[in-house]
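Q: Here you go, sequence then predicted model.
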Amino acid sequence: MDKKNLKMFKDLLLKRKAELQKGIQHIADDALKTSQRDAAGDLSAYSLHMADVATDNYDREFSLGLADKEQAIVHRIDTAIDKIDEGTYGNCELCNKKIAVVRLKAVPYAELCVPCQEKSEKKKR
C-alpha cells in the first residue's frame, strides 16, 4: 500500500478512535458519575422502589456493555495504527493476503479478509 493511502487510513483510524473515546467518556459520565437517585430525578429522602432500582441497574449494565464493546474497537484501532507504523497494515492475520481496500474503507480496523472473516464467523455458530 502506498504512503498516501496509509496516511488516509491512519487519519481515518485516529478520527474514529477520537469519536469512540468521546462516546465512551459520555457513557462513563452518565453511568458511573451519577447516583441512582440523581439519575431518577428523585431528590427526596425516601428510598427508591425496588423496580426502579432494577431498571436503573439494567440501564447502567447496558451502557457499560456498550462502552466495553466500543473500548474493544478502540483496541483494534490501536492495533491497526501499530500495523501502519510497522508496515504490515492491510494484511489478513490468517492467510496473510491483502485485505481489499473497499473493506478497509468500510472497516479500517479489519484484521481479516472477507473469506477468512466468513470462515471465522461460521466457526462461532
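A: Structure received. Small disclaimer: the values here were computed from a predicted structure and weren't measured.
Q: Which elements pack onto the helix ranked longest in the chain?
A: Looking across the chain with DSSP state H, the single longest helix is helix 50-86. Counting contacts by 3 or more CB pairs under 8 Å, 6 or more residues apart in numbering; DSSP states H and E, helix 50-86 packs against helix 3-32, helix 36-40. Backbone N, C-alpha and C define where each C-beta goes, glycine included.
Q: pLDDT at His26, what is it?
A: Listed pLDDT for His26 reads 89.
Q: How is this protein partitioned into domains?
A: 3-88, 90-125 (automatic domain parsing).
Q: Next, the distance between the ends of the shortest one.
A: Using CA to CA, to the nearest Å, one end of domain 90-125 lies 26 Å from the other.
Q: I'd like the domains of the chain laid out as CSV, including mean neighbour count.
A: Listed next are the domains of the chain as CSV, based on neighbours: other CB atoms under 10 Å:
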stretch, mean neighbour count
domain 3-88, 13
domain 90-125, 14
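Q: check contacts around Leu94.
A: With contact taken as CB atoms under 8 Å, 6 or more residues apart in numbering, Leu94 is in contact with 112-113, 116, 119-120.
Q: thinking again about what came up before, rank the domains of the chain by pLDDT, which is bottom?
A: domain 3-88 (a mean of 84).
Q: Can you get me the start-to-end distance on it?
A: End residues of domain 3-88 are separated by 12 Å (CA to CA).
Q: next one: that domain to chain centre, how far?
A: 8 Å (CA atoms, centre = their mean, to the nearest Å).
Q: thinking Ala31 is in contact with Ser63, fair?
A: Yes. Taking contacts as CB atoms under 8 Å, Ala31 lies within contact range of Ser63: 4.2 Å.
Q: Residue nearest the middle of this structure, spatially speaking?
A: Glu70 (2.4 Å; CA atoms, centre = their mean).
Q: Wait, Lys17 touches Ile77, no?
A: Yes. Contact criterion CB under 8 Å: Lys17 and Ile77 qualify, at 4.7 Å.
Q: What distance do you get for Asn57 to Ala51?
A: Asn57 is 11 Å from Ala51, where distance means CB to CB, to the nearest Å.
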